[in-house]
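Colleague: kindly return the folded structure for what I paste below:
(4 chains)
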Number of protein chains: 4
Amino acid sequence: ALHRLYRNMANSHYEYVKKFEISDPCLLNCWPVVRIDGKNFHKFSKLHKFKKPNDDRALNLMTKSAESVMNMCHDIVVSYGQSDEYSFVFKKSTATYNRRASKLSSVVVSQFSSAYVFHWKDFFPDQELLYPPAFDSRVILYPSDKNMRDYLSWRQVDCHINNLYNTCFWSLVHSGMTPFTAQDELKGTLASDKNEILFSKFGINYNNLPQLYRKGTVLIREKADVNSSGNDDEEPISEAMDADLNDSKKRKLRKPITALNTDVIGDEFWKKHPHVLNTDR
Amino acid sequence: ALHRLYRNMANSHYEYVKKFEISDPCLLNCWPVVRIDGKNFHKFSKLHKFKKPNDDRALNLMTKSAESVMNMCHDIVVSYGQSDEYSFVFKKSTATYNRRASKLSSVVVSQFSSAYVFHWKDFFPDQELLYPPAFDSRVILYPSDKNMRDYLSWRQVDCHINNLYNTCFWSLVHSGMTPFTAQDELKGTLASDKNEILFSKFGINYNNLPQLYRKGTVLIREKADVNSSGNDDEEPISEAMDADLNDSKKRKLRKPITALNTDVIGDEFWKKHPHVLNTDR
Amino acid sequence: ALHRLYRNMANSHYEYVKKFEISDPCLLNCWPVVRIDGKNFHKFSKLHKFKKPNDDRALNLMTKSAESVMNMCHDIVVSYGQSDEYSFVFKKSTATYNRRASKLSSVVVSQFSSAYVFHWKDFFPDQELLYPPAFDSRVILYPSDKNMRDYLSWRQVDCHINNLYNTCFWSLVHSGMTPFTAQDELKGTLASDKNEILFSKFGINYNNLPQLYRKGTVLIREKADVNSSGNDDEEPISEAMDADLNDSKKRKLRKPITALNTDVIGDEFWKKHPHVLNTDR
Amino acid sequence: ALHRLYRNMANSHYEYVKKFEISDPCLLNCWPVVRIDGKNFHKFSKLHKFKKPNDDRALNLMTKSAESVMNMCHDIVVSYGQSDEYSFVFKKSTATYNRRASKLSSVVVSQFSSAYVFHWKDFFPDQELLYPPAFDSRVILYPSDKNMRDYLSWRQVDCHINNLYNTCFWSLVHSGMTPFTAQDELKGTLASDKNEILFSKFGINYNNLPQLYRKGTVLIREKADVNSSGNDDEEPISEAMDADLNDSKKRKLRKPITALNTDVIGDEFWKKHPHVLNTDR
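Modeller: Numbering: from 1, shown residues only, chains lettered A, B, ... in the order given. Prediction:
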């Protein structure tokens, strides 16, 4: 909003329509999670010649865009992405936008989309962006730490299931099978069957594939407040939600973001990074 | 979402977290309006050297992005934009996304943001985009045609009030006054006072200024179904919500979008374009 | 609430829990409808020996209780009841309880339940009330007059369908058939079949049955403000929502409630009582 | 609802209005709390000559009505009442009414109101009920055990504050002071001041007053499943939510309800009755 200063001026006759807006605050003491998800990315990835089953450029662009979101919303304590989706976990006690769900959801998906297009050329130097893609977003609330961790586990198991399937499917297709036959071949197979197919037919040991594909990407902030030196995101800090702080101070406060391709289902990750759950203390 | 085919696979242990999602359908027989609004655009416009009080490039980029949204969501019957905001009115009976408010809101703001960055260089050939901007969005429901028209009138009166003020303010500043003194000079002035200042001090007849500045921009679809020939938006139709239709059929169905800088407060506009209100018949 | 005066006293440590309450205002310019519905009334009616298919005492007690609700909430413009349910239509522009849905819903169902037990002995002098019954309630919003009228039509058609079925069912049962056989006999029959059964087997012309059974009961207020003299409800006016008015003034303002067993589906009723729809003018 | 069997019959034309109903499920893994509150009980208590500051008959009737609610909803694990209000805490994992907030709220307040009138004569044998009273109700969700306990503490501190004030106020009034002067006398006094007034002027040691007045009433269920013998509520078990169980089985399952006038702020109560928090295990 550019011109909010003059709102005290006369606009009385129609201003009653403002009262139709209904507030949608997130319940207190719950973890607000915003998940964004690519719209029609099946077609988008085809048209832009994404490598199958995984395209590092696309995955890294997703993560770059997620970092842009985290640089804007300092109350996001952990993010998790895979394929064409990313989840952003706000701290339980966040007061960002007075916890209004529509604000949290829209600003996250807008920044993500905007950054995706902005950074495209850095990740796809040889592939022009043909049209601007869209993502949807939603807010989900998790009352307990366990619920929130289980949410992330759910997404990571989903990553594994999809990746195992896709690795098989595209190996078959790349070896000459039609998509239809490949799909049929995999129908009803268990995880162990797929591992076996990969190993026996293609010599692929699934567990040796990059963790980026098998685990997805977790973004956390470093615990300590560190001066974020050179590897700074190009977004001016002024875009951050704490717009009242002056730039140099904010730059000092900003905690660098770390991308990890690691398991978040077990306890190890959470023991190693206890501040993710304990941001309120 | 890329890989929804395999969802029947096992992800049972954590899948319970899906049940925490709460549906948010728009009440039936109401006009859903999605309004997007620039985040921190005061700074964004300054950093990107927007001309003050109005920058045609910026306004036209907003409208280009709005067209991209309308090309995606065929149930948007009219849009209205001014400054750094745009409102999108879905038809009363829309079933897009089962009327889920979070979906409507997020897809609109995502497509808008994405298109804004995508088209930037066409409107600002001499000004690099320095960072990806964000917009917020919200859904408001209007039960009656009158409420919905009053909403658009409210935004257009807002455009007028802001533009009159800004035109005065920037004329004073461009003539050498400090922003602080200019603000002080205008404090408490009525519309008539501002018209007088513009005319006596700067020889500006406010009513002769471009309608683009004074009225904002209305986007409607042509009534008749016309084959949208050359001046097609570059977004592939496949991005449209009716993704099941094949491309050529959709291209035929697509109604060209017209941008107007006209009054929407009086009856004339609505009499001239009755199909905007009567899309359900 | 008895003691709200002293709330400024210290209760600070735990008072944060108040912030977990979430407001639930009804969308403006919509008709709020509260429908209450008997809980486990199949058993309740059996235990209290309700006459089947219709018990005038029970129906009249329902209507008496509905009148008690209307005497409390002056913004209810029309009510409709049948069987063990009653619907209360608040005027579109009501500001009662700031349109908070939970307040409207709870106060209506509480007053109804309370009045039902209170007046029981007047309608069932020979049948003791064996236990306190419960009703549920919900709020539904209707944006247009047509939607609201269609809602009432829906309930009245429901009344007709149920009553025709029940009249057949109980005639068969009273004539010696087992409930199970009677149910079987009626399975798949059309309205015309049921009319035929009633006429040929029992000499009953369905259309000659009391309108109370076939149409249910509509409650409206008289148009003119009349001094409600003798036939006053025993509820002290002080229970009314406009508790700030003094009693005698309120008594003067109170419009007498009229119960009608009439069709609300056609236009006649609405033409005859135009003030029901036009309460805001 | 009496006649839901025949719903498959034709009511198609108007049935679309059902789709305007919006579901309102309580977020999972939160404690749903329903609080009911007397409407205009200042007047009600005056008219029915309630003893001031506390009327045992009225308080016991409230508790009797709350027991009626708990006998109906077996998922209520603890209730707390004081003055003209009562709070009902459903277990975190309750699936009663699919956790629909409007159902939980309405059935509780309806049963409470109905029972209040039903049992009036047993508690007020010498005071006729002059009109049916109403209560409002609302649902509040608490994500953590601590939040829920803090809610109950908030209500109990409220009880103490109000009772201390009221005891002073009515002692002054009963000793001949006008209400206005008494109010003025107490303005700005601290708890210690009020204790002092009570002791020095009236020889009352506040801490010796009945716990019923100072602590309010907590209702819990006995831990063990016990055959609820003689002190059974008169409500037939059939009114219970688990209406599918047969009566004798239910009677066996029913856990007797115990009323306590005890502190719920400290840990002692919760240590003594751990099953209240652990009902899900």
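
Colleague: drop to CA atoms for contacts and neighbour counts, all remaining ones
Modeller: OK.

Colleague: now do the SS call for A:Ile36.
Modeller: What DSSP: H, G, I helix; E, B strand; the rest coil gives for A:Ile36 is strand.

Colleague: isn't it up against A:Ser87?
Modeller: Yes - counting by CA atoms under 8 Å, A:Ile36 touches A:Ser87, with 6.4 Å between them.

Colleague: just want to know which of the two has more residues nearby.
Modeller: Taking other CA atoms under 10 Å in any protein chain shown, A:Ile36 and A:Ser87 do not tie; A:Ile36 has more neighbours (30 against 24).

Colleague: what bridges to the more buried one?
Modeller: A:Tyr86, A:Ser137 (DSSP bridges).

Colleague: kindly provide the distance from it to A:Thr262.
Modeller: To A:Thr262, A:Ile36 is 21 Å away according to CA to CA, to the nearest Å.

Colleague: next: A:Ser45.
Modeller: Relative to A:Thr262, and taking CA to CA, A:Ser45 is found at 25 Å.

Colleague: with A:Ile161 instead?
Modeller: 16 Å.

Colleague: of the two, who's got more company?
Modeller: Under the neighbour definition other CA under 10 Å, A:Ile161 and A:Thr262 were set side by side, and A:Ile161 has more, 19 against 16.

Colleague: would you point out the helix or strand in chain A whose mean pLDDT is lowest?
Modeller: For chain A, counting by mean pLDDT, DSSP states H and E, helix A:247-253 ranks last in confidence among helices and strands (a mean of 55).

Colleague: continuing past that one, what's the next helix or strand?
Modeller: Moving toward the C-terminus from helix A:247-253, the next helix or strand (DSSP states H and E) is strand A:257-260.

Colleague: what residues of that next one count as buried?
Modeller: A:257, A:259-260 (16 or more other CA atoms under 10 Å in any protein chain shown).

Colleague: pick the one among the residues you listed closest to chain B.
Modeller: A:Ile257 (18.2 Å; CA to the nearest CA).

Colleague: which SS state does A:Glu128 fall under?
Modeller: coil.

Colleague: surely it touches A:His119?
Modeller: No - the criterion here is CA under 8 Å, and A:Glu128 misses it with A:His119 at 11.8 Å.

Colleague: show me which of the two is the more surrounded one.
Modeller: Taking other CA under 10 Å, A:Glu128 and A:His119 do not tie; A:His119 has more neighbours (16 against 10).

Colleague: what's the angle between the helix or strand encompassing the more buried one and helix B:101-123?
Modeller: Per DSSP H and E: A:His119 is located in helix A:101-123. Orientation check (axes from the mean of the first three to the mean of the last three CA atoms, to 10 degrees): helix A:101-123 against helix B:101-123 gives 40 degrees.

Colleague: which strands or helices does helix A:101-123 pack on?
Modeller: When contacts are defined as 3 or more CA pairs under 8 Å, 6 or more residues apart in numbering or on different chains; DSSP states H and E, helix A:101-123 packs onto strand A:31-38, helix A:56-72, strand A:135-142, helix B:101-123, strand B:135-142.

Colleague: pipe those into CSV and attach distance to D:Leu141 and mean pLDDT per row.
Modeller: Below are these laid out as CSV (distance: least, CA to CA, whole Å; pLDDT from 0 to 100):
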stretch, distance to D:Leu141, mean pLDDT
strand A:31-38, 14, 98
helix A:56-72, 29, 98
strand A:135-142, 12, 98
helix B:101-123, 22, 98
strand B:135-142, 25, 98
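
Colleague: once you drop chain neighbours, what's closest to A:Lys52?
Modeller: Nearest residue to A:Lys52, sequence neighbours excluded (CA to CA, 6 or more residues apart in numbering or on different chains): A:Trp170, at 6.4 Å.

Colleague: what sits against A:Pro179?
Modeller: A:169, A:173 (CA atoms under 8 Å, 6 or more residues apart in numbering or on different chains).

Colleague: please redo it, this time with the cut-off set to 6 Å
Modeller: Contacts here follow CA atoms under 6 Å, 6 or more residues apart in numbering or on different chains; on that basis A:Pro179 touches A:Val173.

Colleague: for it, phi and psi?
Modeller: Here is the backbone geometry of A:Pro179 (degrees, to the nearest 10): phi -50, psi -40.
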